[in-house]
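[1] how would this look folded up:
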Amino acid sequence: MAGRYRHVFLDAEGTLYVPKQGRSRWEFWADPSPELALEFFELDEGVRDALDALRGDVDTLCLVSRNTESILSALLDKFGIRGYFDDVLLNGDKGKNIVRYLSERGLDRDEAVMVGDMPRLDVYPVKNKGVEAILVDRVYNRGDSAERISGVKDLPTWLRIAGYADEFGKKKARLSKLEDFVDGPEAVCCPGRDQNLDARAPGLRHEVVGGQVV
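    Reported below is the predicted structural model:
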């Protein structure tokens, strides 16, 4: 797939994995530990298939998380998904971390997208750095205005649609250039005008008003 977004950054908790049986994540964070994490969280629906597809579609696939390394590492191993990711970016402002990562590798931020569930951590700081960001739809983020998908399972399709839309936009812009028309830009600006007017007033824009060329 030759799409627009070649570099994908994924949040972990609430995006790739979620609490089991609808439990609150705050219950976990009251007394967090790697051992409790293994019992508390499960991989969200369709995530593994999506990661398989993404690994064949994009050039870069990274985790960007504010989780602790010990908890995140335990869960990546439990779910068997560590090998899908090129890098794991921990802590700090996610927008700054992503831009730094792209810059160090000479990658274009216009070709990057961040996906997460927390608007104030995963979307706003990233968009402020000029990188696209979308939400995984959750009950707790529905009050925020942002483009969203139902889950990571839908991300490969979203990327394809974004790629098609981008390509269509480029073609549409190309077709709308004035020099693409057979008779040149004047024919577009002033259909039906007296061609001899050009010699008397070159560069002027002529329009037909009430049957008269003005």
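
[2] how about the strands in this protein?
    Remark: strands assigned in the chain by DSSP state E are 7-10, 17-19, 41-43, 60-65, 87-90, 112-116, 132-136, 148-149, 208-209, 212-213.

[3] And these: which comes nearest residue 123?
    Proximity to residue 123 (Cβ to Cβ) singles out strand 132-136 among the strands of the chain, at 4.3 Å. Just so you know, the C-beta spots here come from the backbone N, C-alpha and C atoms, and that holds for glycine as well.

[4] quick one: average pLDDT of the closest one?
    Mean pLDDT, computed over strand 132-136, is 97.

[5] returning to that earlier point: need the strands of the chain in TSV with distance to residue 162 and mean neighbour count, can you?
    As requested, those are exported to TSV (distance: least, Cβ to Cβ, whole Å; neighbours: other Cβ atoms under 10 Å):
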stretch	distance to residue 162	mean neighbour count
strand 7-10	11	24
strand 17-19	25	20
strand 41-43	25	19
strand 60-65	16	21
strand 87-90	22	15
strand 112-116	8	26
strand 132-136	9	22
strand 148-149	11	18
strand 208-209	41	10
strand 212-213	45	11
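
[6] Identify whichever of those lies nearest to residue 157.
    When the strands of the chain are ranked by proximity to residue 157 (Cβ to Cβ), strand 148-149 comes first, at 8.3 Å.

[7] strand partners of that closest one, parallel vs antiparallel please.
    Counting by DSSP bridges, the strands paired with strand 148-149 are strand 132-136 (parallel).

[8] hmm, back to that, I'd like the strands of the chain as a markdown table, with distance to residue 104 appended.
    Listed next are those as a markdown table, based on distance: least, Cβ to Cβ, whole Å:
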| stretch | distance to residue 104 |
| --- | --- |
| strand 7-10 | 12 |
| strand 17-19 | 28 |
| strand 41-43 | 30 |
| strand 60-65 | 12 |
| strand 87-90 | 11 |
| strand 112-116 | 13 |
| strand 132-136 | 19 |
| strand 148-149 | 28 |
| strand 208-209 | 58 |
| strand 212-213 | 60 |
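
[9] out of those, nearest to residue 81?
    Among the strands of the chain, the nearest to residue 81 by Cβ to Cβ is strand 41-43 (7.5 Å).

[10] what lines up beside that closest one in the sheet?
    Here strand 41-43 is paired, per DSSP bridges, with strand 17-19 (antiparallel).

[11] starting at the chain centroid, how far to the partner strand?
    In terms of Cα atoms, centre = their mean, to the nearest Å, the gap separating the centre of strand 17-19 from the centre of its chain is 22 Å.

[12] got it, and stretch 32-40?
    Relative to the centre of its chain, stretch 32-40 is centred 31 Å away, using Cα atoms, centre = their mean.

[13] Domain map for the protein?
    Following the assignment in automatic domain parsing, the chain carries domains at 7-173, 178-213.

[14] Tell me which helix or strand in the protein has the weakest average pLDDT.
    Ranking every helix and strand in the chain by mean pLDDT, DSSP states H and E puts helix 197-200 at the bottom, with a mean of 38.

[15] which residues touch residue 120?
    By Cβ atoms under 8 Å, 6 or more residues apart in numbering, the contact set of residue 120 is empty.

[16] Tell me the spatial nearest neighbour of residue 74, not counting adjacent residues.
    In space, and not counting its chain neighbours, residue 74 is closest to residue 34: 3.9 Å by Cβ to Cβ, 6 or more residues apart in numbering.
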